[in-house]
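K.L.:
Predicted coordinates and the sequence they were generated for:
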Amino acid sequence: MNTQQPASPMLLPATLLPRLERRTTAIAIATIAALVLVFLWKGIFGGSFVSSDSLSSESFKPYLEQVSKRGEFPLWVPYIFSGMPGYGALLVTGDRWWDVVSAVVFGIAKAIGSIFGSDTARVAFWYVLYGAGMYVLLRRKGHVPLIALITAVAAVFSTFVIVWVMIGHLTKPVALAMFPWILLGLESLRERWRLLEAVLLVVAVHVLIESTHLQMVFYGVCTFALYLLFELGSALVRRQNVGGVLRAGATLAVAAALSFGMAADRYLTTLEYTPYSTRGTAPISVRTNPDPAQQKKLDGNDYEYATNWSFSPEEMITFLVPNYFGFGKLDYRGPLTGGRTTKIMAYWGQMPFTDAANYMGILVLMLAIVGAWISRREVFVQFLVVLSLFGLLLSFGKNFPLLYDAFYYHVPLFNKFRAPSMALAMLQFAVPILAAYGLRGIAEQRSVRLVRTLLTIAGIWLVLGLIVPGIIESSYRQSVMASQQLAQYSPEIKTELARFVFSQMRSDWIVTAIVLILGCLLLLLWVRGSLRPHWALLGVLVLVVADLWRVGYRPMEVAKGKTPERTFQRYDYVDFLRRDTSDYRIADFGALPVPNASAYYGLENIHGYHSAKLRIYQDLLDEAGNGGGSVIMNPFLWNLLGVKYILAERRMFEQSEPLFRSTTGALIYANPSALPRAFFVRHAAVASDVAILMRLQAGDFDPRDTVFLEQPLPAAVVPPDSGAFVQLVEKSFHYQRYRVRATGSNLLFLSEIYYPVSWHAYVDGNEVPIYKANFAFRAVLVPPGEHTLEFRFTSPAFEKGKAISMASTAIVLLAIAGLLWQFWRTRRARASSSA
């Protein structure tokens, strides 16, 4: 029997709903917005997501407000890691009023957040924009509205994509939202160059760059480069005119140049900082290691650190069964919690941990495979298939070194990135689009045989779900119990968690099989004509939403009320510390609510959280901190850093009583041995950086007597007598002024972090050198007599970048003005002709 029926255009309805022929695009985008709003409802209206990353960024709001009031820009943050670059480290940003394009676009998102009174609403804007871009792109590629809408929804709610907002990865949605819009611009410019499309391309590329997520920007570059290469290759093979592709590529290059120009202040400042950061310089233990393999790590992240979050090939099964490797965050209720429902980290795969599986929807994935096969001769589909494979293979990281190592060792700046699994964003972008081609291909072929084959596969998957878990149960549980994530638990807890994870996996397998069967049944009714096309495709849409929502909801943690207000409440121990107005630092060991909370309360902390610290400070932590590289447990360094108070969430010292006991349980210990933040020393000694770190770790010298330098001074140091003094007169974020008196050529040590590119010293208005002292600090030679000593933070890269940004913005604004003039002329001509 011939099951191949004549193609019917009626299988591809031209409207979203019967007799709904107007404002299709607006209704589709409104539908996407409504779905995003409903999904994130609790995070927008009921509270806020529990995320340490987002709370860390909230910590700097008071600092940013103070900097803005002073008319300054947040270039230096004194509140974490004893002081570090802020803007250059992409830690904070200020009011970039000169970048009008960015101010307008990001201002819209900010306004939406303000209207709803929720930062989640601000991020939701980018998800809606991403979905709208996918919809418009698919419509341009000739797909009917319903299929374009299914694609957009599948893209937005792809599990790890929607999870970003829940875990505080708030710049990734901004970057990914621009992918479809940039491809749309390239498509338009390839066919015909128009100023409107060129300007919109500049805006989209600029927003991508301004997302500040450089790794996602890199994946965008890979995506657009692959697209242009495939279009160029296709034109050459078919002996067609390549002018359109070259035109689109050239416009993209100009757009990238203008976009980078508008963001030059940010990225030139970052490039200025990079050589001094953990992203730009290897640990001192590596730099001093003669091993050639270690020497390869000199200008970027350590290979092991960079590849920690490598996606493993066996975890591809989570594309079909999201819970197979424990998923990530799951609701647990059982004997371990006394029957209470609690979020637990159930992941047991190769990565250290993860919040969710990279599940894209089993029906979406099946349709994508069908689309890749049916439309394999289409250049755009070929590009999407290669992009998917490239993203997948690159995400394997150390598990597929053939590709990853080529990028890590040979592609500039790539070794600054970490978490190779992030490359799956390219796969998660391509798969929903391929699914659209699968739906269209099924409709065009109208092959009942093909759909029956898919239904058979779905049935087999269900049978496997009923049989395989029973066969592998014992080995599966043993693997869970032996995983690194459960290593710290007792055998009883391991056994219970293994039971829970296995039961979740087995039920998840059955559910995905049922989803696949229901999807195939809808497709069968569709191609047979037993179900009207509108209702069949709407059924697919509902099924995709239900499948992705049931998985996407799993890691969602919403705290009642607004988390920032609840987290950064008034604490009695903070009030106690603020009563001391002297110049001191604290050492926080978990008493503050989040790692960077010291910035919120205006307390200078020797600890904190950031992924790109100053390299000298990380080396200080690693080699002399005695705290495993994450905290400083060395009392000698506490003294040298001017740590006057030590905060702890529980008792730290058996021999010492806390100075203050908080009602929260936090304890404050006094450190009476803390040294002043600035003092004269009697002698200077020259030693290597490694030797100095060893002396700091041992704490076997008197910092008031001797300071260690890495280079000899131009003049001999005269020990100060009783007439020498130093007094802090004025201090702000980017400026310090001291009144000093030297009784000879005295050497002044300052417990301030050494950052030679931007901090400059002046004695009576004349610049003097700052010497690197005690590995990570500053020292200045002060001539005899009484003087004014000033320290000013100036960033040449920031000032230069700001000028470039203003010039680039002016060019773009002129282009926009030209567009408006062109539009006015056209309207005027039409009005004249109709008169």
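P.N.:
Looks like it came in fine.

K.L.:
didn't L258 look like it was pressed against V202?
P.N.:
Yes: using C-beta atoms under 8 Å, L258 is in contact with V202, at 5.3 Å. Yep, even glycine has a C-beta here, placed from its N, CA and C like the rest.

K.L.:
Name the residues contacting each of the two.
P.N.:
V812 (C-beta atoms under 8 Å, 6 or more residues apart in numbering).

K.L.:
Quick one: name whatever helix or strand follows the lowest-mean-pLDDT helix or strand in the chain.
P.N.:
In the chain, the helix or strand scored least confidently by mean pLDDT, DSSP states H and E is helix 292-295, which has a mean of 55. Downstream of helix 292-295, the next assigned helix or strand under DSSP states H and E is helix 303-306.

K.L.:
to the chain's geometric centre, what's the distance from the next helix or strand after that next one?
P.N.:
On the C-terminal side of helix 303-306, the nearest following helix or strand under DSSP H and E is strand 329-332. Distance of strand 329-332 from the chain centroid (C-alpha atoms, centre = their mean, to the nearest Å) equals 24 Å.

K.L.:
before we move on, what about stretch 567-587?
P.N.:
Distance of stretch 567-587 from the chain centroid (C-alpha atoms, centre = their mean) equals 30 Å.

K.L.:
quick one: low-confidence parts of the stretch 301-450 of the chain?
P.N.:
When residues are selected by pLDDT under 70, those of the stretch 301-450 of the chain lie in 301.

K.L.:
What ranges does it have for its strands?
P.N.:
329-332, 342-345 (DSSP state E, counting those that start in this stretch).

K.L.:
Partner strands of the first one and their direction?
P.N.:
If I follow you right, that is strand 329-332. If you go by DSSP bridges, strand 329-332 pairs up with strand 342-345 (antiparallel).

K.L.:
for this protein, which spans come out with low pLDDT?
P.N.:
Those would be 1-10, 50-54, 290-301, 560-563, 834-835, if you go by pLDDT under 70 across the chain.

K.L.:
roughly how far apart are the residue nearest to the spatial centre of it and V544?
P.N.:
Nearest to the geometric centre of the chain sits H169, at 4.8 Å (C-alpha atoms, centre = their mean). Separation of H169 from V544 (C-beta to C-beta, to the nearest Å): 23 Å.

K.L.:
just to revisit the earlier point, now, of the strands of the stretch 301-450 of the chain, which is deepest in the fold?
P.N.:
Mean neighbour counts were taken over the strands of the stretch 301-450 of the chain using mean count of other C-beta atoms under 10 Å, and the top value, a mean of 19, falls to strand 329-332.

K.L.:
which other residues reach that one?
P.N.:
Where contact means C-beta under 8 Å, 6+ apart, the residues beyond strand 329-332 that reach it are 323, 341-346, 355-356, 500, 504, 554-555, 557.

K.L.:
Now a PyMOL select for only the buried ones of those.
P.N.:
Entered in PyMOL, the line below selects the buried ones among the contacts of strand 329-332, by 16 or more other C-beta atoms under 10 Å:
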select buried, resi 323+344+345+346+355+356+500+504+554+555+557
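
K.L.:
could the contacts of strand 329-332 go into JSON lines alongside distance to T251?
P.N.:
As requested, these are exported to JSON lines (distance: C-beta to C-beta, whole Å):
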{"residue": "N323", "distance to T251": "45"}
{"residue": "T341", "distance to T251": "53"}
{"residue": "T342", "distance to T251": "53"}
{"residue": "K343", "distance to T251": "47"}
{"residue": "I344", "distance to T251": "50"}
{"residue": "M345", "distance to T251": "46"}
{"residue": "A346", "distance to T251": "48"}
{"residue": "D355", "distance to T251": "38"}
{"residue": "A356", "distance to T251": "37"}
{"residue": "F500", "distance to T251": "54"}
{"residue": "Q504", "distance to T251": "49"}
{"residue": "R554", "distance to T251": "42"}
{"residue": "P555", "distance to T251": "40"}
{"residue": "E557", "distance to T251": "44"}
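
K.L.:
I'd like to know which of the contacts of strand 329-332 is nearest to L450.
P.N.:
Set against L450, the nearest of the contacts of strand 329-332 by C-beta to C-beta is N323 (29.6 Å).

K.L.:
Spit out the contact partners of the closest one.
P.N.:
Applying C-beta under 8 Å, 6+ apart, the residues contacting N323 are L330, A346, A357, V501, Q504, M505, S507, D508.

K.L.:
I'd like those as TSV, with distance to N605 appended.
P.N.:
Shown next, in TSV, are those (distance: C-beta to C-beta, whole Å):
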residue	distance to N605
L330	34
A346	33
A357	36
V501	38
Q504	40
M505	42
S507	46
D508	43
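
K.L.:
And those residues, which two are furthest apart?
P.N.:
Spanning the widest gap among the contacts of N323 are A357 and S507, at 14.6 Å by C-beta to C-beta.

K.L.:
out of these two, which sits in the more crowded spot?
P.N.:
The residue with more neighbours, out of A357 and S507 and counting by other C-beta atoms under 10 Å, is A357; that gives 27 against 14.

K.L.:
ok, that one to W348 distance?
P.N.:
A357 is 12 Å from W348, where distance means C-beta to C-beta.

K.L.:
got any residues that touch both of those two?
P.N.:
Both A357 and W348 are contacted by F325, under the criterion C-beta under 8 Å, 6+ apart.

K.L.:
So what's the residue count around H143?
P.N.:
Residues near H143, counting by other C-beta under 10 Å, number 21.

K.L.:
likewise the one 10 residues further on?
P.N.:
Counted with other C-beta under 10 Å, residues neighbouring V153 total 26.

K.L.:
swap in A89?
P.N.:
Around A89 there are 24 other residues, counting by other C-beta under 10 Å.

K.L.:
Using the three-state scheme, assign it.
P.N.:
The three-state label given to A89 by DSSP: H, G, I helix; E, B strand; the rest coil is coil.

K.L.:
please begin residue numbering at 38 from this point
P.N.:
OK, 38 is where the count begins now, so the last one is A126.

K.L.:
quick one: contacts for it?
P.N.:
By C-beta under 8 Å, 6+ apart, the neighbours of A126 are T307, Y310, S314, H647, A649, K650.

K.L.:
just the helices in the stretch 388-537 of the chain please.
P.N.:
For the stretch 388-537 of the chain, applying DSSP state H, counting those that start in this stretch gives helices covering 399-411, 416-432, 438-447, 461-482, 485-518, 528-565.

K.L.:
ok, back up a step: now the strands of the stretch 338-487 of the chain in JSON lines, with distance to L48?
P.N.:
Listed next are the strands of the stretch 338-487 of the chain as JSON lines, based on distance: least, C-beta to C-beta, whole Å:
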{"stretch": "strand 366-369", "distance to L48": "40"}
{"stretch": "strand 379-382", "distance to L48": "44"}
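
K.L.:
Which of these sits closest to A840?
P.N.:
Of all the strands of the stretch 338-487 of the chain, strand 366-369 sits nearest to A840, with 46.3 Å by C-beta to C-beta.

K.L.:
Let me have that closest one in PDB, keeping just the CA atoms, if that works.
P.N.:
What follows is strand 366-369, C-alpha atoms only, in PDB (Å, rounded to 0.1, in the frame of the first residue of the first chain):
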ATOM      1  CA  LYS A 366      18.400  20.400  41.700                       C
ATOM      2  CA  LEU A 367      15.500  18.200  42.500                       C
ATOM      3  CA  ASP A 368      12.700  18.200  45.100                       C
ATOM      4  CA  TYR A 369      13.400  15.400  47.700                       C
END
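
K.L.:
Fine by me, we can end here.
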